[in-house]
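Novice: Sequence and predicted structure, then a few things I'm wondering about:
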Amino acid sequence: MNYLIHKALMMTAVPARLRLLKKILNRQTWDTQKIEQYQEKKLRLLINYCWDYIPYYKDKWRNCIDGPGDIQSISDLQKLPILTKDEVRNEFKNLITTDPSIKSSDARTGGSTGRPIIFKMTNYDEQLSWAQMYTGWTWACYRIGDPFLIVGGESVGVGLGDKRNWKDFIINRWVSSGSNLTLDRARQLVQSSHFKKIRFIYGYPNAIRELGELLHQIGTIPPNLRGIACTAEVMRPEIRQRITQLYGGIKVLDQYGLNDGGLHACEGPDQDGMHVSFHRGILEILDEDNKQIIDLKQSGKAVATCLTNFAMPFIRYETGDQLHWHSREPAKSGIHWPRIGPVDGRTGDVIYLPSGRSIAMPGLTLVMRWIDGLKQYQFIQTSGNTVKVHLDIFDDFTLSKTEVIDYLNEKITSEITWVIEWATPELTNNGKLLVIRNDWLRSQGLSRPR
């Protein structure tokens with residue numbers, strides 16, 4: 001009955017979000033043709049709007065199209081140029097609508113690709129974003145109002161406690177910092193009144209795995225747990241397998257999201273590719289010549305067009321991710337949406353501190369995204385008590401190395417030595433960025449300390 005109380009509270013506090021969720025769930029059997037018709041209708045309205053109210057687009061598109069009427073279909077998007085992350089930073093004011101009727105608030109990406117972005121977002125677009133995410137959660141056995149745990153949702157350096165506000169109470173959410181995982185804190189979680197109530201876990205794959213390792217040492221898991229969904233970083237197969245083992249065989253679903261670009265995709269119950277939600281955004285996968293890839297299993301760069309954020313529309317926005325179409329056939333679960341395969345990007349190892357505390361990659365992004373003038377960053381653990389930090393910076397970056405170290409000591413930890421280098425991140429052989437690279441453990445052939 002607990003979840004029914006919180007469901008009622010949510011219906012009062014966020015009614016628009018739940019109405020949108022219901023609408024999305026009722027569209028799970030829409031086929032590719034119906035989805036494209038829906039998106040193209042939204043696209044035509046958006047392009048006309050941008051021509052009238054977004055100064056930067058009108059100026060940029062004049063060399064490509066005669067007018068908004070030239071863009072009628074998803075295929076027509078190929079007539080327009082790509083919007084880069086640098087353009088978003090440099091042309092921020094010119095990408096904001098001049099329409100005075102549009103109300104918005106500031107938003108900031110998590111920086112999971114190492115490049116945080118500031119943008120404007122309408123309340124409608126934010127509520128639709130939540131509804132899309134809840135849709136994926138329902139495929140992992142979540143019900144609106146269920147007690148659930150976020151692992152990694154708190155900022156790095158929050159301390160031994162996990163703060164809970166009134167919003168958490170309404171949606172029946174608890175938070176366990178994925179950046180401050182220790183055996184003592186895991187024991188506190190197990191001894192808490194809500195541990196036995198937890199039905200669903202959402203968070204970063206490496207952080208959920210780390211918590212599971214600690215719970216394994218204690219000898220328990222949440223007894224009412226029904227599902228897990230992971231986000232923000234690529235879930236490697238061995239990580240998924242270990243999470244499943246640690247949490248008693250619970251099914252673990254993978255999720256992909258790009259809030260600024262309006263994209264969201266999540267595995268269904270059959271775990272056969274991630275279903276791409278079509279309600280906020282259009283996903284294009286492009287080849288080396290920037291032509292749309294239609295064929296399955298052919299990897300290309302992901303480009304996003306957000307259909308519903310009229311405060312600061314992102315049109316053909318580079319995501320920094322490599323994707324491929326997995327299937328356009330209905331899944332066994334009955335969900336008909338097109339599916340993508342695993343995402344190549346947004347990945348990393350874990351930093352392990354001498355105290356036993358561990359820090360997963362997305363936890364660091366919550367700190368680094370607030371540093372202005374930062375292009376990209378990378379953390380490389382070189383010993384048990386030393387982490388080298390590569391910072392690729394813009395001309396307007398103002399902090400000295402000493403100031404960066406002071407910031408990291410305050411926001412993350414002071415128990416290790418930070419070595420700051422003005423340098424671009426070091427990519428893997430296949431061009432992947434590991435935001436955290438644990439050379440110390442890799443040299444020992446380990447994935448975590450013994």
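Specialist: Nice, thanks for sending it over.
Novice: what's the neighbour count on residue 243?
Specialist: When counting by other C-beta atoms under 10 Å, one arrives at 22 neighbours for residue 243. Glycine gets a C-beta too; all of them are placed from N, C-alpha and C.
Novice: so it sits in a helix?
Specialist: Yes. Residue 243: assigned to a helix according to DSSP: H, G, I helix; E, B strand; the rest coil.
Novice: Which pLDDT does the model give it?
Specialist: The model reports residue 243 with a pLDDT of 97.
Novice: Can you show me the helices along the stretch 1-150 of the chain?
Specialist: With DSSP state H, counting those that start in this stretch applied, the stretch 1-150 of the chain shows helices at 2-13, 15-25, 32-53, 55-61, 85-90, 123-138, listed in chain order.
Novice: now those helices in JSON lines, with mean neighbour count, distance to residue 105 and mean pLDDT?
Specialist: JSON lines is the format used below for these (neighbours: other C-beta atoms under 10 Å; distance: least, C-beta to C-beta, whole Å; pLDDT from 0 to 100):
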{"stretch": "helix 2-13", "mean neighbour count": "14", "distance to residue 105": "17", "mean pLDDT": "93"}
{"stretch": "helix 15-25", "mean neighbour count": "16", "distance to residue 105": "15", "mean pLDDT": "97"}
{"stretch": "helix 32-53", "mean neighbour count": "17", "distance to residue 105": "18", "mean pLDDT": "97"}
{"stretch": "helix 55-61", "mean neighbour count": "17", "distance to residue 105": "21", "mean pLDDT": "94"}
{"stretch": "helix 85-90", "mean neighbour count": "16", "distance to residue 105": "17", "mean pLDDT": "87"}
{"stretch": "helix 123-138", "mean neighbour count": "20", "distance to residue 105": "7", "mean pLDDT": "96"}
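Novice: closest one to residue 228 among these?
Specialist: Nearest to residue 228 among the helices of the stretch 1-150 of the chain is helix 123-138 (10.1 Å), distances taken as C-beta to C-beta.
Novice: where are the low-confidence patches of the chain?
Specialist: Scanning the chain with the threshold set as pLDDT under 70 gives 1, 109-116, 153-162, 345-348, 362-363, 366, 428-432.
Novice: Just want the most central residue of it.
Specialist: Closest to where the C-alpha atoms of the chain average out (C-alpha atoms, centre = their mean) is residue 232, at 3.8 Å.
Novice: Can you verify my assumption that it contacts residue 206?
Specialist: No. Proximity of residue 232 to residue 206 does not meet the contact threshold set by C-beta atoms under 8 Å, at 9.7 Å.
Novice: overlap in contacts of those two?
Specialist: Between them, residue 232 and residue 206 share the neighbouring residues residue 361, with contact defined by C-beta atoms under 8 Å, 6 or more residues apart in numbering.
Novice: Could you look up the SS state of the residue nearest to the centre of the chain?
Specialist: Three-state assignment for residue 232 (three-state DSSP): coil.
Novice: At which residues are the helices of the stretch 151-300 of the chain located?
Specialist: Listed in chain order, the helices of the stretch 151-300 of the chain (DSSP H, counting those that start in this stretch) span 166-171, 183-191, 205-218, 237-246.
Novice: So what would you say the end-to-end distance of stretch 290-310 is?
Specialist: Counting by C-alpha to C-alpha, to the nearest Å, the length from the leading to the trailing residue of stretch 290-310 is 25 Å.
Novice: Any buried residues in it, and which?
Specialist: Of all the residues in stretch 290-310, those buried under the rule 16 or more other C-beta atoms under 10 Å are 293, 300-310.
Novice: Of those, which belong to strands?
Specialist: Assignment to strands by DSSP state E places the following of the buried residues of stretch 290-310 there: 300-306.
Novice: Nearest to residue 236 among the residues you listed?
Specialist: When those are compared against residue 236 (criterion: C-beta to C-beta), the nearest one is residue 302, at 19.0 Å.
Novice: what's across from that closest one in the sheet?
Specialist: Residue 302 forms beta bridges with residue 285, as assigned by DSSP bridges.
Novice: Correct me if wrong: it contacts residue 321.
Specialist: Yes. Proximity of residue 302 to residue 321 meets the contact threshold set by C-beta under 8 Å, at 4.5 Å.
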